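Asker: what's the 3D shape of this:
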Amino acid sequence: MTIHFQFEDYLYMGLGMVPVLLVFLATFTTGLSTLVSLRSIYVLCIWVQYHLSPWLALRVGGWDSILLRAPFISDGLLFSTLCMFGITIGYGRYIPLSGHSSKQFELYKSNLIRLTPEILTITSFVFLALSFFSTILYIGSFDILLYYDGTRGAGQFDNIGIIQSLINQLRTISIVSGLISIILMSIMFSESKSQNKIAIFPLLFVFILISSIPLMHSFSRVSGAMFITASVIIVTIKKPNIPTYIISLLFITIGIYLSQIGITHRGIVDGGIMPFIIAALDPHATQLSSNLDYVNGEVLIGPGTNFLDALAPFTALVWAAGNVQTSTIDSLLKLLLILQPLPTSFFGGSEAFRVGPTLSVVFGTYGSTGITKPALSELYLLFGNWGAIFLFLLGWVLKAVDTDIRRRGRMLMLIPYMFCIVAIVAAGHNGLRAFARPFVIALTLFWFFRFQAANLLNRTISRAN
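Answerer: Next up is the predicted model:
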């Protein structure tokens with residue numbers, strides 16, 4: 001489908017490049033580690049989700065998507081641009097990695113963290129085991145874990161009770177436990193001596209694969225997320241060297257490839273771990289190239305290759321919602337309801353949390369295929385362009401998490417840090433509710449670690465004196 005961009009589309013696409021250029025400018029001036037700050041990650045994620053596809057559409061001369069509604073492209077580009085500026089301004093100046101040689105920090109590090117290799121290994125194994133067995137309990141049996149011949153997403157439209165809702169939380173537990181396991185093992189890998197890294201690397205690789213089981217089983221579009229998680233961690237803890245960058249790049253490449261397998265092979269092969277592994281080792285070439293564009297016989301990378309695109313569903317939701325007006329108070333109450341951490345079944349089901357129409361109903365796929373709504377699209381429906389103010393506040397919170405890691409050296413803060421990243425990525429293809437869950441966990445852990453750190457540090461200093 002040929003897209004005729006308007007003047008304002010080009011204007012917003014140009015303005016959207018400014019926060020991205022600021023990211024790379026900061027990276028050039030403060031070091032490559034700046035790329036893994038939460039501000040950089042969120043700005044780049046928003047740009048990929050909302051601005052990359054229009055640029056690719058210009059390259060190939062069109063954009064084929066059943067969800068795209070061209071008249072509302074400018075709305076998505078403007079709001080996402082405002083959100084990037086909100087994050088940038090709210091966060092403020094970047095924080096470069098710095099050394100921690102003061103006596104107080106050494107007392108804090110030795111008496112509070114105590115992240116010895118033994119503790120890291122044992123704790124990593126515990127969370128990995130919790131992840132694996134939670135996955136089996138959620139799925140039902142080890143056989144179904146290996147091979148699943150049911151329809152992907154079966155039961156997603158069923159009305160479920162509180163008990164089944166709690167059982168469904170096992171999948172969240174499995175993913176969260178796997179994420180923590182990867183964080184701890186990546187810390188051990190980064191903190192180990194060079195000669196020990198060779199022995200730890202295979203163990204880290206196996207940990208990542210096992211932690212990815214719940215994502216691979218369902219052929220998720222983020223099946224490679226655990227590899228990318230490890231990549232981010234190992235370049236965040238210390239100032240990376242060339243071998244670290246090579247390993248990080250390897251993990252990112254594997255992560256992107258596995259995510260492409262998840263999104264391109266779902267539906268054409270059975271679910272389960274074994275079909276996913278077979279697809280990854282022997283992929284269908286036609287499926288991997290199904291999202292490419294062909295212009296005059298030349299293969300081009302077009303909007304279809306951007307599996308993180310959120311602009312098309314954004315335009316679909318704004319188009320389907322029409323001119324519905326809600327008061328600011330009602331919108332704030334709705335937002336608070338969405339952000340609270342209790343299960344949806346406690347409030348009568350997902351209907352109470354719904355913002356705008358259900359896209360699967362609008363496009364006639366209800367009962368067979370669900371169509372998710374990006375978090376920014378729901379925020380836009382609630383508050384319009386003023387919703388970008390919440391991204392300003394979010395930038396301030398992300399700065400606080402980054403500060404504890406990068407300036408104060410609190411490695412336990414890597415756990416809320418990674419949950420922030422999970423929330424950021426989830427926001428691209430799921431609503432505010434999916435964003436809220438990992439972000440609430442991140443905030444809870446952040447304040448818990450900070451409160452404990454202050455108390456234990458004070459007691460440590462008192463004893464030292």
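Asker: Count the neighbours of the residue lying closest to Tyr380 once chain neighbours are set aside for me.
Answerer: Nearest residue to Tyr380, sequence neighbours excluded (CB to CB, 6 or more residues apart in numbering): Phe79, at 5.1 Å. For glycine as for every other residue, the C-beta is placed from the backbone atoms N, C-alpha and C. A total of 26 residues lie near Phe79 under the criterion other CB atoms under 10 Å.
Asker: again, but for Asn196
Answerer: Neighbours of Asn196 using other CB under 10 Å come to 13.
Asker: for the residue nearest to Tyr380, helix, strand, or coil?
Answerer: helix (DSSP: H, G, I helix; E, B strand; the rest coil).
Asker: And it, how close does it get to Leu311?
Answerer: 10 Å (CB to CB, to the nearest Å).
Asker: and the residue nearest to Tyr380, what pLDDT?
Answerer: For Phe79, the model assigns a pLDDT of 96.
Asker: Would you mind measuring from it to Ile87?
Answerer: In terms of CB to CB, Phe79 sits 13 Å off from Ile87.
Asker: Over to Val23?
Answerer: 10 Å.
Asker: so Leu339 touches Pro438, yeah?
Answerer: No: the pair Leu339 / Pro438 is not scored as a contact, 11.9 Å apart, by CB atoms under 8 Å.
Asker: So between those two, which is more surrounded?
Answerer: Higher neighbour count among Leu339 and Pro438: Pro438, with 24 against 14, using other CB under 10 Å.
Asker: Show the contacting residues for the more buried one.
Answerer: Counting by CB atoms under 8 Å, 6 or more residues apart in numbering, Pro438 touches 176, 419-420, 422-423, 426.
Asker: how would you label Glu118: helix, strand or coil?
Answerer: Quick answer, by three-state DSSP: Glu118 is helix.
Asker: Quick one: mean pLDDT over the one helix or strand Phe435 maps to.
Answerer: Assigned by DSSP states H and E, Phe435 belongs to helix 432-464. Across helix 432-464, pLDDT averages out at 72.
Asker: Same check on stretch 341-353?
Answerer: 67.
Asker: Ok, stretch 139-159 next?
Answerer: 68.
Asker: Distance to Asn241, secondary structure and pLDDT added to the contacts of Pro438, as TSV?
Answerer: Putting the contacts of Pro438 into TSV (distance: CB to CB, whole Å; DSSP: H, G, I helix; E, B strand; the rest coil; pLDDT from 0 to 100) gives the following:
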residue	distance to Asn241	secondary structure	pLDDT
Val176	31	helix	82
Phe419	28	helix	84
Cys420	26	helix	87
Val422	27	helix	83
Ala423	30	helix	87
Ala426	32	helix	82
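Asker: of the residues you listed, buried ones?
Answerer: 176, 419-420, 422-423, 426 (16 or more other CB atoms under 10 Å).
Asker: Out of these, flag the one nearest to Ile246.
Answerer: Val422 (25.4 Å; CB to CB).
Asker: quick one, what contacts that closest one?
Answerer: 179, 225, 438.
Asker: before we move on, what about Ser220?
Answerer: 259, 262.
Asker: In three-state terms, label the closest residue to Thr123 other than its chain neighbours for me.
Answerer: Excluding its sequence neighbours, the residue lying closest to Thr123 (CB to CB, 6+ apart) is Leu184, at 5.5 Å. Counting by three-state DSSP, the backbone at Leu184 sits in helix.
Asker: these two touch, right, Leu184 and Phe125?
Answerer: No: the criterion here is CB under 8 Å, and Leu184 misses it with Phe125 at 9.5 Å.
Asker: neighbour count winner among the two?
Answerer: For Leu184 versus Phe125, neighbours defined as other CB under 10 Å are more numerous around Leu184 (27 against 15).
Asker: Please report phi then psi for Asp282.
Answerer: Main-chain torsions, Asp282, degrees, to the nearest 10: phi -140, psi 70.
Asker: what about it, distance to Gly428?
Answerer: From Asp282 to Gly428 the distance is 29 Å (CB to CB).
Asker: Comparing these two, which residue is more hemmed in?
Answerer: Of the pair Asp282 and Gly428, Gly428 is the one with more neighbours under other CB under 10 Å, namely 24 against 8.
Asker: The more buried one falls within a helix, correct?
Answerer: No: if the criterion is three-state DSSP, then Gly428 is coil and not within a helix.
Asker: So it is in contact with Leu308, correct?
Answerer: Yes: taking contacts as CB under 8 Å, Gly428 lies within contact range of Leu308: 5.6 Å.
Asker: For Leu58, which non-adjacent residue is spatially closest?
Answerer: Phe5 is the one closest to Leu58 (CB to CB, 6+ apart), at 7.4 Å.
Asker: how about that neighbour, what does it touch?
Answerer: 54, 58, 73 are the contacts of Phe5 under CB under 8 Å, 6+ apart.
Asker: Please flag which of the residues you listed sit within helices.
Answerer: Among those, the residues falling in helices (DSSP state H) are 54, 58, 73.
Asker: Most neighbours among those residues, please name it.
Answerer: Ile73 (27 neighbours).
Asker: Tell me the residues that contact both of Val23 and Ile87, please.
Answerer: Going by CB under 8 Å, 6+ apart, residues that sit against Val23 and also against Ile87 are 39, 43.
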